[in-house]
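Asker: This is a predicted model, with the sequence first.
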2 protein chains.
Amino acid sequence: MYKSAIAALCLSTCVTGAMAQDLSSGKWIDLTHSFNADSVYWPTADMFTQTEVFAGHTDGGYYYSAYNFAAAEHGGTHLDAPVHFAEGAMSAEEIPISQLVGPGFVIDVSAQAGEDPDYLVSAKDIEAFEAEHGEIPEGAIVLLNTGRASLYPDRESYMGTAARGAEAVADLHFPGLGLDGAKLLVERGIGAVGLDTPSIDYGQSADFSTHVELMTNNISAFENVADMSELPPTGSMIIALPMKIEGGSGGPLRIVAHLPQ
Amino acid sequence: MYKSAIAALCLSTCVTGAMAQDLSSGKWIDLTHSFNADSVYWPTADMFTQTEVFAGHTDGGYYYSAYNFAAAEHGGTHLDAPVHFAEGAMSAEEIPISQLVGPGFVIDVSAQAGEDPDYLVSAKDIEAFEAEHGEIPEGAIVLLNTGRASLYPDRESYMGTAARGAEAVADLHFPGLGLDGAKLLVERGIGAVGLDTPSIDYGQSADFSTHVELMTNNISAFENVADMSELPPTGSMIIALPMKIEGGSGGPLRIVAHLPQ
């Protein structure tokens, strides 16, 4: 009886991508790289640093450890808030939670991206996914699996160069979301889109047109997302909570997926 | 029919505190203070700073904004990882997501704490809550509402002093969780405990015995949690995702509650 009850529930709610999941059971997958000295940052950005304040036994008889940290907003697994590329658009603390949590739609382009480090995920790729799995619903969290998470944090293989500074930018090579793909996702009214490369625009982009398209429509991007290979194309719930930096153009993101079983 | 189906589902799963919630509907409550120059830090800790890298129109024709930030791990709405007060215990990136997400049990002690800035939430307070709402289950996220969130970030009223430096520590006055209360929560096997003051030990603590009790048992604390007045005593789902700092003794926390309606 319970099985048919669940099916009935699902029929009444799941057609729009909604899901009733029991978060107290099932399985969690952490899609976040840890922040450390190797965390990947843009060649021109300040990297993550952690400095010890104290770590050891105190005169009070108890153990105590504490650290300071510093970084650019855009590095490691992080959020691009809409204001990163759209004047007056939402900053990090303004994004509604409902746009950061939603059913996961995971598009596997690892075969294509494996052959071409400058691969652009296209509207055609998204439509091929939809032909198999149904139309991506409003509020979905779309994740592009380029297969690059396994190269992180080796910057040479992950992003084309380990060099730092403005001169290194021309040598960046990694896949991204193409403008036609971004336009289709805006049309679908998704909550956010993420991928396992340093930027939602590909490494060779000069005009950042995908950022501009998404962010002028108040859609956020999640970058340097960790390994998605355990995620099914549909059926996960993605929860992506950024550090709540007032006026922030982005910042550290903790992104996790929940699977019902 | 659907109503009875939901009831049947709930009977099969809800007795242990588990809840099947549709995260795509219902209501989100953000329990996080934004990080800014006013964010509350311990008198001896580095405060949050944000510096502009660029904000404006670029030569490339697009708008762009980005910032750097720096802070102590323990300030604003943040996590105390077990290693903060227990040698060899879990650091920030090691805490399983299943200990950071769970049914919310919100204990309102605002009447008592309103009369006594040094109030200690006791085992008796927790037992009184349980007499009314049932025993707190394993994996629960327990939140103590002292009513102090409304004073944040005015340090004088929120924590007893706006002064900075080691001399100010003796003047800290704010409620916390008493040692007997901490022991009871450890016994219950909760996932984590949070409150709306700067520390899970009260302001006048010198031995930090509540931290030590929780953290030697690998239970995390959430501090400077924002306004809980919209939360019911039971029935919410708490999702608390910290910045994933490798080896971190804590760090910025984004904590949100989901209500089914």
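Answerer: Cool, the structure landed. Residues are numbered from 1 along each chain as shown, chains lettered A, B, ... in the order given.
Asker: Show me where chain A has its strands.
Answerer: Using DSSP state E, the strands of chain A run over A:20-22, A:27-30, A:49-57, A:63-72, A:78-80, A:101-108, A:120-121, A:141-145, A:176-177, A:192-195, A:220-223, A:236-242, A:250-259.
Asker: Adjacent strands (with direction) for the fifth one?
Answerer: If I follow you right, that is strand A:78-80. strand A:220-223 (antiparallel), strand A:250-259 (antiparallel) (DSSP bridges).
Asker: any residues touching it, and which ones?
Answerer: A:74, A:92, A:95, A:200, A:211, A:215, A:220-224, A:240, A:242, A:249-253 (C-beta atoms under 8 Å, 6 or more residues apart in numbering or on different chains). All C-beta atoms are positioned from the backbone trio N, CA, C, and that covers glycine.
Asker: hang on, the earlier thing: with mean pLDDT and mean neighbour count added, can I get the strands of chain A in CSV?
Answerer: Output for these, formatted as CSV (pLDDT from 0 to 100; neighbours: other C-beta atoms under 10 Å in any protein chain shown):
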stretch, mean pLDDT, mean neighbour count
strand A:20-22, 75, 19
strand A:27-30, 97, 17
strand A:49-57, 97, 13
strand A:63-72, 98, 21
strand A:78-80, 98, 30
strand A:101-108, 97, 24
strand A:120-121, 98, 25
strand A:141-145, 98, 27
strand A:176-177, 98, 31
strand A:192-195, 98, 28
strand A:220-223, 98, 28
strand A:236-242, 97, 27
strand A:250-259, 98, 26
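Asker: sorry, back to before: tabulate the strands paired with strand A:78-80 (a markdown table), appending distance to A:His84.
Answerer: Shown next, in a markdown table, are the strands paired with strand A:78-80 (distance: least, C-beta to C-beta, whole Å):
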| stretch | distance to A:His84 |
| --- | --- |
| strand A:220-223 | 8 |
| strand A:250-259 | 5 |
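Asker: how about these, which one is nearest A:Ser236?
Answerer: Ranking the strands paired with strand A:78-80 by proximity to A:Ser236 (C-beta to C-beta) places strand A:250-259 first, at 4.5 Å.
Asker: Tell me what angle that closest one forms with strand B:49-57.
Answerer: 100 degrees (axes from the mean of the first three to the mean of the last three C-alpha atoms, to 10 degrees).
Asker: Run the chain-centre distance for strand A:250-259.
Answerer: Distance of strand A:250-259 from the chain centroid (C-alpha atoms, centre = their mean, to the nearest Å) equals 7 Å.
Asker: Next: stretch A:137-156.
Answerer: 7 Å.
Asker: Please apply the same query to stretch A:141-158.
Answerer: Worked out by C-alpha atoms, centre = their mean, stretch A:141-158 lies 11 Å from the chain centre.
Asker: wait, A:Gly160 sits on A:Val169?
Answerer: No - with contact defined as C-beta atoms under 8 Å, A:Gly160 and A:Val169 do not form a contacting pair (10.1 Å).
Asker: ok, the two, which is more surrounded?
Answerer: A:Gly160 (19 against 15; other C-beta atoms under 10 Å in any protein chain shown).
Asker: what's the closest non-adjacent residue to the more buried one?
Answerer: Counting by C-beta to C-beta, 6 or more residues apart in numbering or on different chains, A:Gly160 lies nearest to A:His173, which is 3.3 Å off, once chain neighbours are set aside.
Asker: On the strand side of things, show who A:His57 bridges to.
Answerer: A:Tyr63.
Asker: Next up, the contacts around it.
Answerer: By C-beta under 8 Å, 6+ apart, A:His57 lies in contact with A:63-64, B:87.
Asker: need those in JSON lines with distance to A:His258, can you?
Answerer: Shown next, in JSON lines, are the contacts of A:His57 (distance: C-beta to C-beta, whole Å):
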{"residue": "A:Tyr63", "distance to A:His258": "34"}
{"residue": "A:Tyr64", "distance to A:His258": "34"}
{"residue": "B:Glu87", "distance to A:His258": "32"}
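Asker: quick one: low-confidence parts of chain A?
Answerer: A:1-20 (pLDDT under 70).
Asker: So which residue is dead centre in it?
Answerer: Closest to where the C-alpha atoms of chain A average out (C-alpha atoms, centre = their mean) is A:Phe222, at 2.7 Å.
Asker: That residue: what's it in contact with?
Answerer: A:Phe222 makes contacts with A:77-80, A:143, A:192-195, A:240, A:253, A:255, as judged by C-beta under 8 Å, 6+ apart.
Asker: of the residues you listed, closest to A:Ala113?
Answerer: A:Leu195 (9.6 Å).
Asker: Look up which residues are beta-bridged to the closest residue to the closest one other than its chain neighbours.
Answerer: Excluding the flanking residues, the one nearest A:Leu195 by C-beta to C-beta, 6+ apart is A:Leu144, at 4.0 Å. In this entry, A:Leu144 is beta-bridged to A:Ile107, A:Leu195, by DSSP bridges.
Asker: where's A:Leu144 relative to A:Ser199, distance?
Answerer: 12 Å (C-beta to C-beta, to the nearest Å).
Asker: same question, A:Ser157
Answerer: 16 Å.
Asker: Which one of these two is surrounded by more residues?
Answerer: A:Ser199 (23 against 16).
Asker: For the stretch 151-261 of chain A, which residues are neighbours of chain B?
Answerer: Residues of the stretch 151-261 of chain A lying near chain B by C-beta under 8 Å from any C-beta of the partner chain: A:206-208, A:211-212, A:237, A:239, A:241-252, A:254, A:256.
Asker: Take stretch A:67-77, keep the C-alpha atoms, and write them as CSV.
Answerer: Written as CSV, here are the backbone C-alpha positions of stretch A:67-77 (Å, rounded to 0.1, in the frame of the first residue of the first chain):
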residue,chain,number,x,y,z
TYR,A,67,42.2,30.2,12.3
ASN,A,68,41.7,33.3,10.1
PHE,A,69,41.1,33.0,6.4
ALA,A,70,41.1,35.2,3.4
ALA,A,71,40.3,34.8,-0.3
ALA,A,72,38.8,36.3,-3.4
GLU,A,73,35.1,35.7,-3.7
HIS,A,74,35.5,33.7,-6.9
GLY,A,75,37.6,30.6,-6.4
GLY,A,76,37.2,27.0,-5.1
THR,A,77,33.6,25.8,-5.3
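Asker: gap between that stretch and the chain center?
Answerer: 16 Å.
Asker: mind listing the helices in chain A by residue range?
Answerer: Counting by DSSP state H, chain A has helices at residues A:2-13, A:110-115, A:123-133, A:155-159, A:179-188, A:209-216.
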